[in-house]
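A.B. asks: Sequence and predicted structure are below.
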Amino acid sequence: MLNRLPVLIVEDEALIALELAIAVENIKGEVVGPVATVADALEALSLTSVMAAVLDANLLDRDVTPVALALIEKKIPFVVHSALGLPDDLRAMFPDLPFVPKPSRPADVVLRLAAEINAGRLAAEREAAA
């Protein structure tokens, strides 16, 4: 389903990160990370080709807003997976970001990500055809 697309996993809970990585691999994605901090996520984005991401909202060093903004700027699809919802600043700027509440099955999180990837592809095709 993901056709070897590199997917960045940004999650500070090791078990959840592992489960998400397995779910990405189960639908033929390539895992980048997992990483547990904003600093490591931004470094991964600068050093690695990433085509999609799963983000926890609250990480070891701060909330995930800088990573989400970098992904939005690069037009990389992502989902936020969190028990606490979107960080306030991020929700104010982008209230319709894809969000999957914790707890959720990792497979459901990754399927939502796949839907976001496909929606982005369809939008790009429509834009190119116009």
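C.D. replies: Done, it's in. Numbers count the residues shown, from 1 in each chain.
A.B. asks: just the helices in this protein please.
C.D. replies: Ranges of helices within the chain are 14-26, 38-47, 65-73, 88-93, 106-129, based on DSSP state H.
A.B. asks: Can you check which of those gets nearest to residue 3?
C.D. replies: When these are compared by C-beta to C-beta, helix 106-129 sits nearest residue 3, at 9.8 Å. All C-beta atoms are positioned from the backbone trio N, CA, C, and that covers glycine.
A.B. asks: Make TSV out of the helices of the chain and add mean neighbour count.
C.D. replies: Formatted as TSV, the helices of the chain follow (neighbours: other C-beta atoms under 10 Å):
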stretch	mean neighbour count
helix 14-26	18
helix 38-47	17
helix 65-73	18
helix 88-93	14
helix 106-129	15
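A.B. asks: Of all those helices, which one is nearest residue 53?
C.D. replies: That would be helix 65-73 among these, by C-beta to C-beta, at 5.8 Å.
A.B. asks: that older thread, redo the helices of the chain as CSV? Include mean pLDDT and distance to residue 54.
C.D. replies: Below are these laid out as CSV (pLDDT from 0 to 100; distance: least, C-beta to C-beta, whole Å):
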stretch, mean pLDDT, distance to residue 54
helix 14-26, 98, 6
helix 38-47, 97, 11
helix 65-73, 97, 11
helix 88-93, 94, 15
helix 106-129, 83, 6
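A.B. asks: which stretch among these comes nearest residue 1?
C.D. replies: From the helices of the chain, taking C-beta to C-beta, the stretch that ends up closest is helix 106-129, at 5.6 Å.
A.B. asks: Please give me every residue in contact with the residue lying closest to residue 9 once chain neighbours are set aside.
C.D. replies: Distances taken as C-beta to C-beta, 6 or more residues apart in numbering put residue 34 closest to residue 9, at 4.0 Å, once the chain neighbours are dropped. Each residue near residue 34 by C-beta atoms under 8 Å, 6 or more residues apart in numbering is listed here: 9, 10, 11, 17, 18, 20, 21.
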